[in-house]
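K.L.:
this is a predicted model, with the sequence first.
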Amino acid sequence: MSGKSFIKQGSIGIGTQTTTERDAGISTAVGETIFNTTAGNLEFYNGTTWIPTSASTPTITSITGNIIVNTASTLTINGSDFGTANLVVRFVQSDDSIDETVTVTPTSQTAASVTVPANVRNNVTAGNDVTITVQSEFGLTSDGSTKTAVEFPAGGDSITTSGDFRIHTFTQSGILTNTIANLDVEYLIIAGGGGGGGQRGGGGGAGGYRTNVSGQTSGGGGSAESSMTLSSTGNFPVTVGAGGAAGGTSPGVGGQGGDSTFNSITSSGGGLARTDDENGADGGSGAGAGGGGAFSGGSGTAGQGHDGADSASNSFSNAGSSGGGAGSAASSTTGGTIGAGGNGVSSNITGIAVTRASGGGGGSSHGSGNAPAPVGGGSTGGNSGTAANDATANTGGGGGGGGTGGGSAGGSGIVIIRYDTTSI
(Lines give C-alpha, C1' and ligand atoms only; values in the text may rest on other atoms or scores of the structure.)
Protein backbone atom coordinates (compact mmCIF):
# COMPACT_ATOMS: atom_id res chain seq x y z
CA MET A 1 0.00 0.00 0.00
CA SER A 2 1.23 3.47 -0.73
CA GLY A 3 0.92 6.23 1.81
CA LYS A 4 0.04 6.09 5.47
CA SER A 5 -1.89 8.28 7.84
CA PHE A 6 0.17 10.79 9.72
CA ILE A 7 -0.23 13.72 12.06
CA LYS A 8 1.76 16.86 11.97
CA GLN A 9 1.29 20.12 13.73
CA GLY A 10 -1.96 21.80 12.61
CA SER A 11 -3.16 18.94 10.38
CA ILE A 12 -4.14 15.31 10.12
CA GLY A 13 -2.70 13.25 7.26
CA ILE A 14 -4.85 10.63 5.47
CA GLY A 15 -3.37 7.59 3.79
CA THR A 16 -3.38 7.58 -0.02
CA GLN A 17 -4.26 4.65 -2.25
CA THR A 18 -5.10 4.08 -5.88
CA THR A 19 -8.41 2.41 -6.69
CA THR A 20 -6.55 -0.82 -7.45
CA GLU A 21 -4.72 -0.71 -4.13
CA ARG A 22 -7.90 0.11 -2.26
CA ASP A 23 -9.83 -2.80 -3.79
CA ALA A 24 -6.95 -5.21 -3.18
CA GLY A 25 -6.97 -4.56 0.55
CA ILE A 26 -6.97 -7.69 2.73
CA SER A 27 -9.49 -6.25 5.18
CA THR A 28 -11.40 -3.04 5.44
CA ALA A 29 -12.99 -1.63 8.53
CA VAL A 30 -16.21 0.33 8.57
CA GLY A 31 -15.34 3.99 8.69
CA GLU A 32 -11.86 3.55 7.22
CA THR A 33 -10.96 6.66 5.26
CA ILE A 34 -8.47 7.14 2.42
CA PHE A 35 -7.64 9.62 -0.29
CA ASN A 36 -8.18 7.86 -3.64
CA THR A 37 -5.49 9.23 -5.94
CA THR A 38 -7.14 7.61 -8.99
CA ALA A 39 -10.48 9.36 -8.49
CA GLY A 40 -9.11 12.37 -6.62
CA ASN A 41 -11.66 11.83 -3.83
CA LEU A 42 -11.59 11.48 -0.08
CA GLU A 43 -13.49 8.22 0.51
CA PHE A 44 -14.78 6.22 3.46
CA TYR A 45 -15.97 2.61 3.72
CA ASN A 46 -19.58 2.10 4.95
CA GLY A 47 -19.34 -1.66 5.31
CA THR A 48 -20.53 -2.31 1.76
CA THR A 49 -18.84 0.12 -0.58
CA TRP A 50 -16.43 3.02 -0.75
CA ILE A 51 -18.25 6.35 -0.76
CA PRO A 52 -16.70 9.72 -1.60
CA THR A 53 -17.13 12.09 1.32
CA SER A 54 -18.41 14.62 -1.22
CA ALA A 55 -21.15 12.24 -2.45
CA SER A 56 -24.74 13.28 -1.79
CA THR A 57 -27.89 11.18 -1.62
CA PRO A 58 -29.69 11.30 -4.98
CA THR A 59 -33.07 12.97 -5.21
CA ILE A 60 -35.95 12.56 -7.68
CA THR A 61 -37.76 15.77 -8.58
CA SER A 62 -39.98 14.51 -11.40
CA ILE A 63 -40.64 11.55 -13.71
CA THR A 64 -41.92 12.07 -17.25
CA GLY A 65 -43.49 9.37 -19.40
CA ASN A 66 -45.93 6.69 -18.31
CA ILE A 67 -46.01 3.12 -17.10
CA ILE A 68 -48.44 1.60 -19.60
CA VAL A 69 -50.09 -1.74 -18.90
CA ASN A 70 -48.77 -4.47 -21.23
CA THR A 71 -46.93 -1.95 -23.38
CA ALA A 72 -43.24 -0.99 -23.55
CA SER A 73 -42.51 2.61 -22.58
CA THR A 74 -39.62 4.77 -21.42
CA LEU A 75 -39.44 7.00 -18.36
CA THR A 76 -37.17 10.01 -17.88
CA ILE A 77 -36.20 10.48 -14.24
CA ASN A 78 -35.13 14.00 -13.27
CA GLY A 79 -33.33 14.93 -10.08
CA SER A 80 -29.82 15.37 -8.73
CA ASP A 81 -26.67 13.47 -7.69
CA PHE A 82 -27.30 10.50 -10.00
CA GLY A 83 -23.58 9.89 -10.50
CA THR A 84 -21.99 8.82 -13.77
CA ALA A 85 -22.61 5.08 -13.92
CA ASN A 86 -24.52 2.11 -12.49
CA LEU A 87 -27.66 3.91 -11.37
CA VAL A 88 -30.03 1.27 -9.99
CA VAL A 89 -33.70 2.07 -10.65
CA ARG A 90 -36.14 0.14 -8.48
CA PHE A 91 -39.88 -0.36 -9.15
CA VAL A 92 -42.11 -1.51 -6.27
CA GLN A 93 -45.87 -2.21 -6.27
CA SER A 94 -46.81 -4.44 -3.37
CA ASP A 95 -50.43 -5.19 -4.39
CA ASP A 96 -49.18 -6.52 -7.73
CA SER A 97 -46.17 -8.31 -6.13
CA ILE A 98 -43.71 -6.20 -8.12
CA ASP A 99 -40.17 -5.52 -6.91
CA GLU A 100 -37.92 -5.09 -9.92
CA THR A 101 -34.57 -3.34 -10.46
CA VAL A 102 -32.73 -2.30 -13.58
CA THR A 103 -29.31 -0.67 -13.85
CA VAL A 104 -28.79 2.22 -16.27
CA THR A 105 -26.13 4.79 -17.08
CA PRO A 106 -27.39 8.29 -16.24
CA THR A 107 -27.43 10.79 -19.08
CA SER A 108 -26.18 13.37 -16.58
CA GLN A 109 -26.01 14.00 -12.85
CA THR A 110 -29.60 15.21 -13.08
CA ALA A 111 -31.33 12.89 -15.54
CA ALA A 112 -31.64 9.23 -16.47
CA SER A 113 -33.80 7.30 -18.94
CA VAL A 114 -35.09 3.83 -18.19
CA THR A 115 -37.24 1.38 -20.13
CA VAL A 116 -40.00 0.03 -17.90
CA PRO A 117 -39.10 -3.64 -17.24
CA ALA A 118 -41.40 -6.29 -18.73
CA ASN A 119 -42.12 -7.72 -15.28
CA VAL A 120 -43.48 -4.33 -14.27
CA ARG A 121 -45.61 -3.43 -17.28
CA ASN A 122 -47.01 -6.95 -17.72
CA ASN A 123 -48.08 -7.35 -14.10
CA VAL A 124 -49.11 -3.92 -12.92
CA THR A 125 -52.79 -3.03 -12.58
CA ALA A 126 -54.01 0.17 -14.21
CA GLY A 127 -54.62 2.82 -11.54
CA ASN A 128 -52.07 1.42 -9.10
CA ASP A 129 -49.15 3.59 -7.99
CA VAL A 130 -45.66 2.24 -8.60
CA THR A 131 -42.95 3.56 -6.27
CA ILE A 132 -39.67 4.36 -8.00
CA THR A 133 -36.33 4.95 -6.28
CA VAL A 134 -32.79 5.36 -7.58
CA GLN A 135 -29.56 4.19 -5.99
CA SER A 136 -26.32 5.84 -7.06
CA GLU A 137 -23.09 4.03 -7.79
CA PHE A 138 -22.06 4.89 -4.24
CA GLY A 139 -24.92 2.94 -2.68
CA LEU A 140 -26.94 5.99 -1.65
CA THR A 141 -30.70 5.71 -2.25
CA SER A 142 -33.27 8.40 -3.00
CA ASP A 143 -36.70 8.76 -1.47
CA GLY A 144 -39.49 7.14 -3.48
CA SER A 145 -41.53 8.88 -6.17
CA THR A 146 -44.78 7.36 -7.44
CA LYS A 147 -46.05 6.89 -10.97
CA THR A 148 -49.62 5.71 -11.61
CA ALA A 149 -49.91 2.92 -14.17
CA VAL A 150 -52.20 3.70 -17.08
CA GLU A 151 -53.83 1.85 -19.96
CA PHE A 152 -54.02 2.93 -23.57
CA PRO A 153 -57.34 4.45 -24.65
CA ALA A 154 -60.09 2.04 -25.67
CA GLY A 155 -62.90 2.15 -28.21
CA GLY A 156 -63.67 1.68 -31.86
CA ASP A 157 -64.58 -1.25 -34.03
CA SER A 158 -60.92 -2.02 -34.52
CA ILE A 159 -57.60 -0.97 -32.99
CA THR A 160 -54.52 -1.34 -35.17
CA THR A 161 -50.95 -0.09 -35.22
CA SER A 162 -48.76 1.42 -37.91
CA GLY A 163 -45.21 2.30 -36.94
CA ASP A 164 -45.42 4.23 -33.66
CA PHE A 165 -49.12 5.04 -34.13
CA ARG A 166 -52.05 3.32 -32.43
CA ILE A 167 -55.22 3.70 -34.48
CA HIS A 168 -58.89 3.50 -33.44
CA THR A 169 -61.32 3.06 -36.32
CA PHE A 170 -65.04 3.71 -35.80
CA THR A 171 -67.28 2.34 -38.54
CA GLN A 172 -70.31 2.98 -36.35
CA SER A 173 -71.03 5.34 -33.48
CA GLY A 174 -69.33 4.58 -30.19
CA ILE A 175 -67.12 5.99 -27.44
CA LEU A 176 -63.39 6.64 -27.20
CA THR A 177 -62.39 6.10 -23.57
CA ASN A 178 -59.32 8.22 -22.99
CA THR A 179 -57.08 7.14 -20.12
CA ILE A 180 -54.16 9.55 -20.66
CA ALA A 181 -54.40 13.27 -19.92
CA ASN A 182 -53.06 15.71 -22.51
CA LEU A 183 -53.12 13.14 -25.29
CA ASP A 184 -52.34 14.58 -28.72
CA VAL A 185 -54.51 12.94 -31.37
CA GLU A 186 -54.93 13.07 -35.13
CA TYR A 187 -58.28 12.41 -36.77
CA LEU A 188 -60.11 11.74 -40.00
CA ILE A 189 -63.84 12.50 -39.73
CA ILE A 190 -66.06 11.74 -42.74
CA ALA A 191 -69.82 12.18 -42.75
CA GLY A 192 -72.37 10.01 -44.53
CA GLY A 193 -72.88 10.60 -48.24
CA GLY A 194 -76.15 11.93 -49.65
CA GLY A 195 -78.67 9.62 -51.30
CA GLY A 196 -79.17 9.74 -55.08
CA GLY A 197 -82.42 11.03 -56.61
CA GLY A 198 -84.77 8.82 -58.58
CA GLN A 199 -85.92 9.03 -62.22
CA ARG A 200 -83.26 11.07 -63.99
CA GLY A 201 -82.12 12.11 -60.53
CA GLY A 202 -78.95 13.83 -59.48
CA GLY A 203 -76.08 12.09 -57.71
CA GLY A 204 -75.70 12.53 -53.96
CA GLY A 205 -72.93 14.69 -52.55
CA ALA A 206 -70.07 13.11 -50.63
CA GLY A 207 -69.99 13.43 -46.87
CA GLY A 208 -67.94 16.25 -45.35
CA TYR A 209 -64.25 15.36 -44.98
CA ARG A 210 -62.09 16.82 -42.18
CA THR A 211 -58.63 15.84 -40.97
CA ASN A 212 -55.75 17.25 -38.94
CA VAL A 213 -53.12 14.73 -40.08
CA SER A 214 -50.04 16.78 -40.86
CA GLY A 215 -49.32 17.14 -44.56
CA GLN A 216 -52.70 15.81 -45.64
CA THR A 217 -55.68 17.60 -47.14
CA SER A 218 -59.17 18.22 -45.84
CA GLY A 219 -62.14 18.35 -48.18
CA GLY A 220 -62.84 21.36 -50.36
CA GLY A 221 -59.12 21.84 -50.94
CA GLY A 222 -58.49 22.84 -47.33
CA SER A 223 -55.20 22.09 -45.59
CA ALA A 224 -54.91 19.92 -42.49
CA GLU A 225 -56.68 21.42 -39.49
CA SER A 226 -55.21 22.42 -36.14
CA SER A 227 -53.74 19.95 -33.69
CA MET A 228 -56.02 18.39 -31.09
CA THR A 229 -55.20 17.57 -27.48
CA LEU A 230 -57.54 15.60 -25.22
CA SER A 231 -56.69 17.43 -22.02
CA SER A 232 -58.84 15.25 -19.80
CA THR A 233 -59.46 11.56 -19.36
CA GLY A 234 -62.92 10.03 -19.71
CA ASN A 235 -65.41 9.15 -22.42
CA PHE A 236 -65.50 11.02 -25.72
CA PRO A 237 -68.57 10.18 -27.86
CA VAL A 238 -68.01 9.42 -31.54
CA THR A 239 -70.85 9.74 -34.06
CA VAL A 240 -70.57 8.09 -37.47
CA GLY A 241 -73.09 9.53 -39.90
CA ALA A 242 -75.38 7.20 -41.81
CA GLY A 243 -75.58 7.30 -45.58
CA GLY A 244 -78.61 9.08 -47.00
CA ALA A 245 -81.49 6.91 -48.13
CA ALA A 246 -82.04 6.20 -51.81
CA GLY A 247 -84.57 8.34 -53.64
CA GLY A 248 -87.55 6.33 -54.88
CA THR A 249 -89.46 6.60 -58.12
CA SER A 250 -92.10 8.86 -56.59
CA PRO A 251 -91.14 11.03 -54.91
CA GLY A 252 -87.58 10.68 -56.08
CA VAL A 253 -85.85 12.55 -53.26
CA GLY A 254 -82.83 10.96 -51.59
CA GLY A 255 -81.92 11.35 -47.94
CA GLN A 256 -79.37 13.79 -46.52
CA GLY A 257 -76.20 12.14 -45.25
CA GLY A 258 -75.75 12.06 -41.49
CA ASP A 259 -73.17 14.21 -39.69
CA SER A 260 -70.08 12.61 -38.13
CA THR A 261 -68.63 14.13 -34.96
CA PHE A 262 -65.79 13.79 -32.48
CA ASN A 263 -64.73 16.18 -29.69
CA SER A 264 -66.51 19.26 -31.10
CA ILE A 265 -65.42 18.57 -34.70
CA THR A 266 -68.39 18.02 -37.04
CA SER A 267 -68.31 16.89 -40.66
CA SER A 268 -71.56 17.70 -42.45
CA GLY A 269 -73.60 15.05 -44.21
CA GLY A 270 -73.53 14.96 -48.01
CA GLY A 271 -76.26 16.81 -49.90
CA LEU A 272 -79.33 14.83 -50.92
CA ALA A 273 -80.22 14.60 -54.59
CA ARG A 274 -83.69 14.97 -56.10
CA THR A 275 -85.49 13.79 -59.20
CA ASP A 276 -85.58 15.65 -62.51
CA ASP A 277 -86.58 19.32 -62.64
CA GLU A 278 -85.18 19.93 -59.15
CA ASN A 279 -82.05 21.42 -57.62
CA GLY A 280 -79.51 19.44 -55.64
CA ALA A 281 -79.20 20.06 -51.89
CA ASP A 282 -76.27 21.60 -50.04
CA GLY A 283 -74.09 19.50 -47.71
CA GLY A 284 -70.56 18.49 -46.91
CA SER A 285 -70.37 18.19 -50.68
CA GLY A 286 -73.35 19.34 -52.74
CA ALA A 287 -75.67 17.03 -54.68
CA GLY A 288 -76.05 17.15 -58.43
CA ALA A 289 -79.10 18.75 -60.06
CA GLY A 290 -81.88 16.63 -61.51
CA GLY A 291 -82.29 16.36 -65.27
CA GLY A 292 -84.89 17.92 -67.50
CA GLY A 293 -83.79 21.53 -67.65
CA ALA A 294 -81.62 24.24 -66.12
CA PHE A 295 -81.25 23.44 -62.43
CA SER A 296 -78.54 24.01 -59.85
CA GLY A 297 -76.27 21.64 -58.02
CA GLY A 298 -75.96 21.96 -54.27
CA SER A 299 -73.09 23.79 -52.58
CA GLY A 300 -70.35 22.09 -50.62
CA THR A 301 -69.16 23.27 -47.20
CA ALA A 302 -65.87 25.16 -47.06
CA GLY A 303 -63.08 22.97 -45.77
CA GLN A 304 -65.16 19.82 -46.22
CA GLY A 305 -66.22 19.33 -49.84
CA HIS A 306 -67.18 20.71 -53.23
CA ASP A 307 -70.27 21.65 -55.21
CA GLY A 308 -72.52 19.34 -57.15
CA ALA A 309 -72.93 19.91 -60.89
CA ASP A 310 -75.62 22.05 -62.49
CA SER A 311 -77.83 20.88 -65.33
CA ALA A 312 -78.62 23.10 -68.31
CA SER A 313 -81.50 23.44 -70.73
CA ASN A 314 -79.25 22.53 -73.63
CA SER A 315 -77.73 19.58 -71.82
CA PHE A 316 -78.52 15.92 -72.13
CA SER A 317 -82.05 16.56 -70.81
CA ASN A 318 -82.73 12.94 -69.88
CA ALA A 319 -79.94 12.82 -67.27
CA GLY A 320 -79.32 14.20 -63.83
CA SER A 321 -75.98 15.71 -62.88
CA SER A 322 -73.42 14.24 -60.51
CA GLY A 323 -72.64 15.04 -56.90
CA GLY A 324 -69.58 16.85 -55.60
CA GLY A 325 -66.71 15.06 -53.90
CA ALA A 326 -64.32 15.95 -51.12
CA GLY A 327 -61.50 16.34 -53.63
CA SER A 328 -63.21 18.18 -56.49
CA ALA A 329 -66.48 19.48 -57.84
CA ALA A 330 -68.57 17.27 -60.11
CA SER A 331 -68.34 17.59 -63.87
CA SER A 332 -71.37 19.05 -65.64
CA THR A 333 -73.70 16.98 -67.79
CA THR A 334 -73.44 18.54 -71.26
CA GLY A 335 -73.64 17.53 -74.89
CA GLY A 336 -75.10 14.11 -74.21
CA THR A 337 -72.33 13.16 -71.77
CA ILE A 338 -73.08 12.62 -68.10
CA GLY A 339 -70.42 14.29 -65.98
CA ALA A 340 -68.49 12.35 -63.38
CA GLY A 341 -68.94 12.63 -59.65
CA GLY A 342 -66.38 14.73 -57.81
CA ASN A 343 -63.12 13.09 -56.74
CA GLY A 344 -62.48 11.74 -53.27
CA VAL A 345 -59.43 12.45 -51.09
CA SER A 346 -56.70 9.99 -50.10
CA SER A 347 -55.52 9.55 -46.52
CA ASN A 348 -52.92 7.22 -45.01
CA ILE A 349 -54.00 7.77 -41.39
CA THR A 350 -54.18 3.98 -40.95
CA GLY A 351 -50.79 3.43 -42.57
CA ILE A 352 -52.41 2.50 -45.90
CA ALA A 353 -53.51 5.12 -48.43
CA VAL A 354 -57.28 4.96 -49.00
CA THR A 355 -59.39 7.34 -51.09
CA ARG A 356 -62.83 8.17 -49.71
CA ALA A 357 -65.73 10.59 -50.17
CA SER A 358 -66.33 10.81 -53.93
CA GLY A 359 -69.61 12.09 -55.36
CA GLY A 360 -72.39 9.96 -56.83
CA GLY A 361 -73.12 9.93 -60.57
CA GLY A 362 -76.29 11.32 -62.13
CA GLY A 363 -79.00 9.03 -63.50
CA SER A 364 -80.12 8.75 -67.14
CA SER A 365 -83.41 7.56 -68.63
CA HIS A 366 -81.54 6.32 -71.70
CA GLY A 367 -80.25 2.77 -71.93
CA SER A 368 -76.61 3.69 -71.95
CA GLY A 369 -74.20 6.28 -70.64
CA ASN A 370 -73.86 5.67 -66.91
CA ALA A 371 -72.32 8.60 -65.08
CA PRO A 372 -68.93 7.46 -63.76
CA ALA A 373 -68.00 7.81 -60.11
CA PRO A 374 -64.27 8.13 -59.34
CA VAL A 375 -62.50 6.09 -56.70
CA GLY A 376 -63.76 7.04 -53.28
CA GLY A 377 -66.90 5.03 -52.65
CA GLY A 378 -69.46 7.06 -54.62
CA SER A 379 -71.93 5.14 -56.77
CA THR A 380 -72.30 5.33 -60.53
CA GLY A 381 -75.66 6.56 -61.78
CA GLY A 382 -78.28 4.23 -63.19
CA ASN A 383 -79.98 4.24 -66.60
CA SER A 384 -83.10 2.74 -68.16
CA GLY A 385 -81.60 -0.75 -68.07
CA THR A 386 -79.33 -0.66 -65.03
CA ALA A 387 -80.11 0.34 -61.47
CA ALA A 388 -77.66 2.46 -59.53
CA ASN A 389 -75.73 0.55 -56.86
CA ASP A 390 -75.46 1.85 -53.30
CA ALA A 391 -72.32 3.76 -52.42
CA THR A 392 -69.65 1.89 -50.47
CA ALA A 393 -70.16 1.79 -46.71
CA ASN A 394 -67.77 3.80 -44.49
CA THR A 395 -66.48 5.95 -47.32
CA GLY A 396 -68.96 8.83 -47.22
CA GLY A 397 -69.49 8.36 -50.97
CA GLY A 398 -72.56 9.85 -52.64
CA GLY A 399 -75.37 7.65 -53.93
CA GLY A 400 -76.02 7.47 -57.67
CA GLY A 401 -79.05 8.97 -59.35
CA GLY A 402 -81.67 6.62 -60.79
CA GLY A 403 -82.53 6.25 -64.48
CA THR A 404 -86.14 5.19 -64.90
CA GLY A 405 -86.15 3.75 -61.38
CA GLY A 406 -85.01 4.90 -57.97
CA GLY A 407 -81.61 6.21 -56.96
CA SER A 408 -79.15 4.54 -54.59
CA ALA A 409 -78.14 5.12 -50.98
CA GLY A 410 -75.13 7.11 -49.90
CA GLY A 411 -72.28 5.45 -48.08
CA SER A 412 -72.00 5.72 -44.30
CA GLY A 413 -69.17 7.77 -42.86
CA ILE A 414 -66.17 6.84 -40.75
CA VAL A 415 -64.13 8.29 -37.87
CA ILE A 416 -60.47 7.35 -37.40
CA ILE A 417 -58.38 8.55 -34.46
CA ARG A 418 -54.69 7.89 -33.89
CA TYR A 419 -51.85 8.94 -31.55
CA ASP A 420 -48.10 8.50 -31.36
CA THR A 421 -47.33 5.97 -28.61
CA THR A 422 -43.76 7.25 -28.23
CA SER A 423 -45.07 10.56 -26.90
CA ILE A 424 -47.03 8.95 -24.07
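P.N.:
Okay, I see it.
K.L.:
remind me which residues of the chain are low pLDDT?
P.N.:
Within the chain, the stretches with pLDDT under 70 are 1-12, 26-27, 39, 54-55, 313-317, 334-336, 367-373.
K.L.:
just the helices in it please.
P.N.:
Residue ranges of the helices in the chain, as given by DSSP state H, are 19-23, 118-121.
K.L.:
tell me the most buried of the ones you listed?
P.N.:
Mean neighbour count, computed with mean count of other Cβ atoms under 10 Å, is highest for helix 118-121 among the helices of the chain, reaching a mean of 17. Glycine gets a C-beta too; all of them are placed from N, C-alpha and C.
K.L.:
mind checking which of the helices of the chain is nearest residue 130?
P.N.:
With Cβ to Cβ as the measure, helix 118-121 is the member of these nearest residue 130 (6.8 Å).
K.L.:
quick one on the thing from earlier: make CSV out of the helices of the chain and add distance to residue 298.
P.N.:
Shown next, in CSV, are these (distance: least, Cβ to Cβ, whole Å):
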stretch, distance to residue 298
helix 19-23, 83
helix 118-121, 52
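K.L.:
looking at those, which is closest to residue 95?
P.N.:
Across the helices of the chain, closest to residue 95 is helix 118-121 (Cβ to Cβ), at 13.1 Å.
K.L.:
that closest one packs against which elements?
P.N.:
strand 98-104 (3 or more Cβ pairs under 8 Å, 6 or more residues apart in numbering; DSSP states H and E).
K.L.:
name the residues that touch the strand it packs on?
P.N.:
86-92, 112-115, 117, 119-120, 123-124, 130 (Cβ atoms under 8 Å, 6 or more residues apart in numbering).
K.L.:
please apply the same query to stretch 76-88.
P.N.:
55-65, 89, 101-106, 108-114, 132, 134-138, 140, 142.
K.L.:
next, the distance between the ends of it.
P.N.:
14 Å (Cα to Cα, to the nearest Å).
K.L.:
also stretch 32-44?
P.N.:
Termini of stretch 32-44 sit 5 Å apart (Cα to Cα).
K.L.:
check stretch 66-84 too.
P.N.:
By Cα to Cα, one end of stretch 66-84 lies 24 Å from the other end.
K.L.:
in it, what counts as buried?
P.N.:
66-69, 71, 73, 75, 77-79, 81-83 (16 or more other Cβ atoms under 10 Å).
K.L.:
between these, which is closest to residue 288?
P.N.:
residue 71 (48.1 Å).
K.L.:
so what's the closest one bridging to?
P.N.:
residue 68 (DSSP bridges).
K.L.:
what is the neighbour count of residue 149?
P.N.:
Residue 149: 22 surrounding residues under other Cβ atoms under 10 Å.
K.L.:
in a markdown table: the buried residues of stretch 66-84, plus distance to residue 322.
P.N.:
Compiled in a markdown table, these are given as follows (distance: Cβ to Cβ, whole Å):
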| residue | distance to residue 322 |
| --- | --- |
| 66 | 49 |
| 67 | 54 |
| 68 | 48 |
| 69 | 50 |
| 71 | 47 |
| 73 | 49 |
| 75 | 55 |
| 77 | 60 |
| 78 | 60 |
| 79 | 65 |
| 81 | 71 |
| 82 | 67 |
| 83 | 71 |
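K.L.:
residue 338: which of these is nearest?
P.N.:
For the buried residues of stretch 66-84, the nearest to residue 338 is residue 71 (52.2 Å; Cβ to Cβ).
K.L.:
how close does the residue nearest to residue 82 when sequence neighbours are not counted sit to residue 19?
P.N.:
Excluding its sequence neighbours, the residue lying closest to residue 82 (Cβ to Cβ, 6 or more residues apart in numbering) is residue 106, at 4.1 Å. As defined by Cβ to Cβ, to the nearest Å, residue 106 lies at a distance of 20 Å from residue 19.
K.L.:
hmm, back to that, next, count neighbours for the residue nearest to residue 82.
P.N.:
23.
K.L.:
residues touching it, list them.
P.N.:
82, 83, 84, 85, 87, 112.
K.L.:
break this structure into its domains for me.
P.N.:
6-52, 59-148, 152-424 (automatic domain parsing).
K.L.:
of these, which stretch is the most buried?
P.N.:
domain 152-424 (a mean of 27).
K.L.:
measure that domain end to end?
P.N.:
9 Å.
K.L.:
so the nearest residue to residue 211 once chain neighbours are set aside bridges to which residues?
P.N.:
Closest residue in space to residue 211, ignoring its immediate chain neighbours: residue 188 at 4.6 Å, by Cβ to Cβ, 6+ apart. Going by DSSP bridges, residue 188 is paired in beta bridges with residue 211, residue 416.
K.L.:
ok, residue 188 - contacts?
P.N.:
Here residue 188 is in contact with 209, 210, 211, 213, 347, 349, 414, 415, 416 (Cβ under 8 Å, 6+ apart).
K.L.:
show me what contacts the first one?
P.N.:
Taking Cβ under 8 Å, 6+ apart, we find residue 209 in contact with 188-191, 218-220, 267, 284, 304-305, 326, 345, 356-357, 396.
K.L.:
brilliant, that's me finished.
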